[in-house]
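[1] I'll drop the sequence and a predicted model, then ask my questions.
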Amino acid sequence: MIKDYRISIAIPIALLILSILLIGFKGIPKSIDITGGTEITIKVDKNIDITPLREELKGLAEVKKLESANGYYIVIKCKNENVEVVKQKIKEFFHVDSLDKLNYSEKTIGATLSKKFFEEGFKAIGFAFIFMAIVVYLYFRNPVPSGAIILSALSDIIMALGAMSLLGIELSSATIAALLMVIGYSVDSDILLTTRVLKRLTKSFDETVKEAMKTGLTMTLTTITAMLILLIVVKLFIPIADILANIATVLILALIADILNTWLLNAGILKYYITEYRAKKI
């Protein structure tokens, strides 16, 4: 299974460093839930070319078009200070003197509220991670296996954030909730692996990991499949529900990272612990 634990550990660590660099240099786009701003949604019955509107609002707002079973939705997001200019440009594009003549809705989030939500969201992730780490350590009472699980879970979150940076997925209330779910998913497979390796001493390390992998990968791939189905359904039939698409995408990316971190990083550290670290202690 794992011939050289150094290579097994090096691959996910390299991806972890790459993710940190992406987050640091490229950043992660933030939705108006996080930055504050106004979201204007206009429903239209036919497919219209929004390129002129996008050009008119370049530098002022983000414009995208979503298709659903009952029509098309044009979604415009902008900073609160640009709202009036954006509204004027929209009226000119649709040749109306009032937005009330359009099938129009508006959502505004103040900067103070969005900042508070951002802080509270990451506090929730931080507290969840800390309590998870405490529970893991109290269960195993051993710094090396416990540290491997905690490092693997942290890597899952950072790699998911790195993938969000690379793919331009916005950090929002939905994706923060998805990151909270990632902690539970990642710890599940890591605890399964670590428990079997430490408890089943009658079998070889590779045999134990292989057995744990069958169970762990089945659980992870089942969840990935469910999220893929959700993503496909949203993209094909209800693209207006892009929040669900973002949650599904983040979970898929995080679970792919979890496969690498559990069966390469965590398993590699455990192999070092079993074959070298603990052997020297004996």
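    Now that the structure is in, tell me what you want to look at. Computed from a predicted structure; not experimentally measured. Numbering: from 1, shown residues only.
[2] secondary structure element holding I40?
    Taking DSSP states H and E as the definition, I40 sits inside strand 37-44.
[3] give me the contact list for that strand.
    The contact list for strand 37-44, computed with CB atoms under 8 Å, 6 or more residues apart in numbering, reads 32, 71-80, 83, 86-87, 90, 94, 99, 102-109, 114. For glycine as for every other residue, the C-beta is placed from the backbone atoms N, C-alpha and C.
[4] now the strands for the chain?
    Assigned by DSSP state E, the strands in the chain fall at 37-44, 61-68, 71-78, 103-109.
[5] tell me how far P29 lies from G37.
    12 Å (CB to CB, to the nearest Å).
[6] which of these two has more residues huddled nearby?
    For the pair P29 and G37, the greater number of neighbours falls to G37 (24 against 16), based on other CB atoms under 10 Å.
[7] tell me the bridge partners for the more buried one.
    Taking DSSP bridges, one finds I109 as the beta-bridge partners of G37.
[8] mind checking how far the residue nearest to F117 when sequence neighbours are not counted is from T175?
    Once its chain neighbours are removed from consideration, F117 has its nearest residue in D33; the separation is 6.3 Å (CB to CB, 6 or more residues apart in numbering). D33 sits at a distance of 9 Å from T175 (criterion: CB to CB).
[9] neighbour count winner among these two?
    A direct count of neighbours by other CB under 10 Å for D33 and T175 places T175 higher, at 26 against 23.
[10] OK, contacts around that one?
    Counting by CB under 8 Å, 6+ apart, T175 makes contact with 164, 169, 246-247, 250.
[11] ok, it to K30 distance?
    Here the distance between T175 and K30 works out to 10 Å (CB to CB).
[12] please tell me I have it right and K65 contacts I76.
    No: with the criterion set as CB atoms under 8 Å, K65 and I76 do not qualify as a contacting pair; they are 10.2 Å apart.
[13] residue ranges of each domain in this protein, please.
    In terms of domains, the chain is parsed into 5-32+112-281, 37-109 (source: automatic domain parsing).
[14] out of those domains, deepest packed?
    Among the domains of the chain, domain 5-32+112-281 has the highest mean neighbour count (mean count of other CB atoms under 10 Å), at a mean of 18.
[15] pLDDT of it, averaged?
    Taken as a whole, domain 5-32+112-281 has an average pLDDT of 88.
[16] quick one: the residue nearest to P143 when sequence neighbours are not counted and D97, what's the gap?
    Counting by CB to CB, 6+ apart, P143 lies nearest to Y137, which is 7.7 Å off, once chain neighbours are set aside. According to CB to CB, Y137 stands 65 Å off from D97.
[17] same thing with A10?
    When CB to CB is the yardstick, A10 and D97 sit 64 Å from each other.
[18] now the residue nearest to L244 when sequence neighbours are not counted: how far from L66?
    For L244, the nearest residue in space outside its immediate sequence neighbours is V234; the separation is 5.0 Å by CB to CB, 6+ apart. Summarising the geometry, the distance separating V234 from L66, computed by CB to CB, is 10 Å.
[19] same deal with K26?
    Distance, K26 to L66, using CB to CB: 25 Å.
[20] try A174
    When CB to CB is the yardstick, A174 and L66 sit 15 Å from each other.
[21] for N47, same thing?
    11 Å.
[22] what of L53?
    Look at L53 and L66: by CB to CB, they are 14 Å apart.
[23] now the angle from the longest helix along the chain to strand 61-68?
    If each helix of the chain is counted by residues according to DSSP state H, the longest one is helix 205-237. What separates the directions of helix 205-237 and strand 61-68 is an angle of 90 degrees, with axes from the mean of the first three to the mean of the last three CA atoms, to 10 degrees.
[24] all helices of this structure, in order?
    Under the criterion DSSP H, the chain carries helices at the ranges 5-25, 32-35, 51-56, 83-94, 111-140, 143-167, 173-199, 205-237, 242-260, 267-272, 278-281.
[25] the fourth one packs against which elements?
    Using 3 or more CB pairs under 8 Å, 6 or more residues apart in numbering; DSSP states H and E as the contact criterion, the secondary-structure elements in contact with helix 83-94 are strand 37-44, helix 51-56, strand 71-78.
[26] avg pLDDT for the last one?
    Same thing as strand 71-78. Computed over strand 71-78, the mean pLDDT rounds to 85.
[27] likewise the first one?
    Strand 37-44 shows an average pLDDT of 86 in the prediction.
[28] now the angle from it to strand 103-109?
    Relative orientation of strand 37-44 and strand 103-109, computed by the same axes, to 10 degrees: 170 degrees.
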